[in-house]
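>>> Next input, structure requested:
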Amino acid sequence: MFVANGNHLQKARRVLAIEIAALQRVRRRLGPSFLRAVQLMRQRLESGGKIIVTGIGKSGHIGHKIAATLASTGTTSVALDPVDAAHGDLGVVSPKDLVVVLSYSGNTDEL
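Below is the predicted model of the structure:
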């Protein structure tokens, strides 16, 4: 039987401290490029397009979450797997759409 103890509480607090520090770093990095991305998304959505999010591996998982979050707020969005795109799913992309490509390394051949 599993019994929670003080060590679990200490670990949970450490994880939260790490997450808080990461969010603070993201907050400091927000700048003009973020505003430009928001502007591009808004323009595409207002022209009848959708937001397509893609990535490989963990970046792809994050992309699926971003697309799902956008969809849950009423934003037209799709998660597109790059491997599936290479095998016929590119038909989901139209000229009005905005494609957000996620990559940890920036050097992913599949993208």
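>>> packing partners for the helix or strand bottoming out on mean pLDDT in the chain?
When the helices and strands of the chain are scored by mean pLDDT, DSSP states H and E, helix 82-86 comes last with a mean of 88. Judged by 3 or more Cβ pairs under 8 Å, 6 or more residues apart in numbering; DSSP states H and E, helix 82-86 is in contact with strand 51-55. (Each C-beta comes from the backbone N, C-alpha and C, glycine too.)
>>> Pairing partners for the strand it packs on, with directions?
strand 77-79 (parallel), strand 98-102 (parallel) (DSSP bridges).
>>> where in the chain is pLDDT low?
Scanning the chain with the threshold set as pLDDT under 70 gives 111.
>>> Pull the residues that contact the least confident helix or strand of the chain.
Residues from elsewhere that reach helix 82-86, judged by Cβ atoms under 8 Å, 6 or more residues apart in numbering: 54-56, 60, 93, 110-111.
>>> Let me have those in CSV, adding neighbour count and distance to residue 2 as columns.
Formatted as CSV, the contacts of helix 82-86 follow (neighbours: other Cβ atoms under 10 Å; distance: Cβ to Cβ, whole Å):
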residue, neighbour count, distance to residue 2
54, 24, 39
55, 24, 35
56, 20, 36
60, 22, 33
93, 17, 47
110, 14, 40
111, 15, 41
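>>> Which pair in these has the greatest spatial separation?
Farthest pair in these (Cβ to Cβ) is 56 and 93. Separation: 17.0 Å.
>>> Starting from the one helix or strand residue 28 maps to, tell me the next helix or strand along the chain.
For residue 28, the host element (DSSP states H and E) is helix 6-29. Using DSSP H and E, the helix or strand that directly follows helix 6-29 along the chain is helix 32-46.
>>> circling back: can you say which of the strands paired with strand 51-55 is nearest to residue 43?
Once these are compared by Cβ to Cβ, strand 98-102 is nearest, at 8.1 Å.
>>> which of the residues in the closest one are buried?
Buried residues in strand 98-102, counted by 16 or more other Cβ atoms under 10 Å: 98, 100-102.
>>> ok, those residues vs residue 34, which is closest?
Nearest to residue 34, judged by Cβ to Cβ, of those is residue 100 at 12.5 Å.
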